[in-house]
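Asker: Here is a sequence together with a model predicted from it:
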Amino acid sequence: MPHKIIDNFLDNHVANRIHDTLHSTEFPYYFHNHFAYDTEKESLDRSQFVHALKSNKFGTTSTYYDQICLPIIDKLKLKFRDVLRCKVNFSLCGKTAYKSAYHIDNDGPHQVAIYYVNSNNGYTELATGEKILCRKNRLLMFDGMIQHRAVKQTDTKTRVGININYVRDN
């Protein structure tokens, strides 16, 4: 099986704390004019807000990393060699279910874990054909070399997910 889904991944109080933090007016997001890649054609539905919790590429770690990303990593109980990137993707409701381009998040072998902060009719689509719906407190894991894409929601104000790219020892 190319992917693994774990529902009710975090304890409810942790899932609710993450949800409330990421939906707070105090949490800083940064506008991205594209959904997956900057080569996508610009349109009203193809933007999102992002908060990089950790980026090896840029050598940065957010002060929110411990509060938002670590509960997910700790619960996975995997032997991580490195977290390459951890970021929050926040998209607003679209008129259409815009599908980003298929892509791979990082060069080289890695794993992907996507934690869905809220439920909506958006989903992640793997190039292998599977569609994984956004459900609050759901974790999706798959080999990072599998192309995937995000599909925007049309039924709720927000679609919030935490995307973690990592290399593991086990």
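Answerer: Good, I have the coordinates.

Asker: Scan this structure for its longest strand.
Answerer: Counting by DSSP state E, the longest strand found in the chain is strand 80-92.

Asker: For the protein, just list every one of the strands.
Answerer: Using DSSP E, strands in the chain cover 3-6, 30-32, 48-55, 60-61, 80-92, 111-116, 123-126, 131-133, 138-143, 148-151, 158-168.

Asker: right, and these - which one's nearest N12?
Answerer: Nearest to N12, of all the strands of the chain, is strand 138-143, at 13.2 Å by CB to CB. For the C-beta atoms, the positions are set from N, CA and C on the backbone; glycine is no exception.

Asker: Flag every buried residue along the closest one.
Answerer: R138, L139, L140, M141, F142 (16 or more other CB atoms under 10 Å).

Asker: could you redo these as JSON lines and give each row pLDDT and distance to I104?
Answerer: Shown next, in JSON lines, are these (pLDDT from 0 to 100; distance: CB to CB, whole Å):
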{"residue": "R138", "pLDDT": "98", "distance to I104": "22"}
{"residue": "L139", "pLDDT": "98", "distance to I104": "19"}
{"residue": "L140", "pLDDT": "98", "distance to I104": "15"}
{"residue": "M141", "pLDDT": "97", "distance to I104": "15"}
{"residue": "F142", "pLDDT": "97", "distance to I104": "11"}
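
Asker: Quick check: which ranges of this structure have low pLDDT?
Answerer: 1, 34-46, 80, 170 (pLDDT under 70).

Asker: swap the cut-off to 90 and go again
Answerer: 1-2, 31-48, 56-60, 76-83, 94-101, 106-108, 168-170 (pLDDT under 90).

Asker: Mind giving me the packing neighbours of the longest strand of the chain?
Answerer: In terms of contacts (3 or more CB pairs under 8 Å, 6 or more residues apart in numbering; DSSP states H and E), strand 80-92 is packed against strand 48-55, helix 65-68, strand 158-168.

Asker: which one of the ones you listed is the most hemmed in?
Answerer: Highest mean neighbour count among these (mean count of other CB atoms under 10 Å): strand 158-168, with a mean of 21.

Asker: That strand pairs with which strands, and in what direction?
Answerer: Counting by DSSP bridges, the strands paired with strand 158-168 are strand 80-92 (antiparallel), strand 111-116 (antiparallel).

Asker: and the direction of that strand versus that of strand 138-143, what angle?
Answerer: Going by axes from the mean of the first three to the mean of the last three CA atoms, to 10 degrees, strand 158-168 is angled at 40 degrees with respect to strand 138-143.
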